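Visitor: Sequence and predicted structure are below.
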Amino acid sequence: MKYTENIKRKGCHGNSLSFLYSLNCTLLSLPLLLILSAFGLLGSCANMKDIAESDHGHIIENVPFYPQETYQCGPASLAGVLNYWGINIIPDDVAKEIYSEAAGGTLNIDMILYAQRKGLNAIQYKGSTEDLKKNVESGYPVIVLVDHGFSVYQINHFMVVVGYNEHGLIVNSGKDKGKFISAEDFVNAWKKANFWTLLIKPDQE
């Protein structure tokens, strides 16, 4: 099976479905606001490092983020990780080489080969949440493929895992940097894409 961001499958929408949610100030309940304030966690909505660490988690700081254009989650995710490893590239440059108008998206194999052409070690495999946590703790942001669809209707989407806590994962996804997704919702969406994982790191590591 090939994983793609696909117009026919409505892949890589900028908007997430309801079961994926952001830690957004406007969505926090008053009790939670009071609790976060008491612990000094409400300096801004983007203070995800403190939130991750307060809940026995970890977050990789300074992972570059590029808001996704329509059906461009692959190039946007790849550009973020490549820039993290010191390769100066923007999503448009990535898309020019690997985005397929015919497919209406980006094939996962093309993402792997693109990273390898840039001199990085890139491998795909069937991941697990424990593996994601281990990589985050080691300072490796990880690209995953999830499926936001239902039944046989697929809505595939690439995003970058940059952190976690005991309640879920923190990702750069679509137009949202530092989005929190509960562990249950993340696994449910990831499972439908067969836990597809892309780990990119310097070749010498």
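Guide: Thanks, I have the structure now. Numbers count the residues shown, from 1 in each chain.

Visitor: Quick check: phi and psi on residue 158?
Guide: Backbone torsions of residue 158, given as degrees, to the nearest 10, read phi -90, psi 140.

Visitor: you'd agree it is up against residue 77?
Guide: Yes: Residue 158 lies in contact with residue 77 (CB atoms under 8 Å); the separation is 4.5 Å. To be clear about C-beta, it is placed using only N, CA and C from the backbone, and glycine gets the same treatment.

Visitor: Those two - which one has more neighbours?
Guide: residue 77 (33 against 30; other CB atoms under 10 Å).

Visitor: State the three-state secondary structure for the more buried one.
Guide: Recorded secondary structure, residue 77: helix (DSSP: H, G, I helix; E, B strand; the rest coil).

Visitor: Was I right to think it contacts residue 145?
Guide: No: in this structure residue 77 lies outside contact range of residue 145 using CB under 8 Å: 9.5 Å.

Visitor: who touches both of those two?
Guide: Shared contacts of residue 77 and residue 145 (CB atoms under 8 Å, 6 or more residues apart in numbering): residue 158.

Visitor: Report the set of residues contacting both of residue 158 and residue 77.
Guide: With contacts defined as CB under 8 Å, 6+ apart, the residues adjacent to both residue 158 and residue 77 are residue 143.

Visitor: Quick one: the helices in this structure, in order.
Guide: With helices called from DSSP state H, the chain shows them at 30-38, 48-54, 73-84, 91-98, 108-117, 129-137, 183-191.

Visitor: Looking at the ones you listed, which is nearest to residue 153?
Guide: helix 183-191 (13.5 Å; CB to CB).

Visitor: what's the closest one in contact with?
Guide: So helix 183-191 is in contact with 19-21, 127, 129, 144-148, 167-169, 181, 196, going by CB under 8 Å, 6+ apart.

Visitor: List only buried entries from those residues.
Guide: Neighbour-count burial (16 or more other CB atoms under 10 Å) applied to the contacts of helix 183-191 gives 20-21, 127, 129, 144-148, 168-169, 181, 196.

Visitor: ok, back up a step: any idea which of the helices of the chain is most buried?
Guide: With neighbours defined as mean count of other CB atoms under 10 Å, the helices of the chain peak in mean count at helix 73-84, which reaches a mean of 26.
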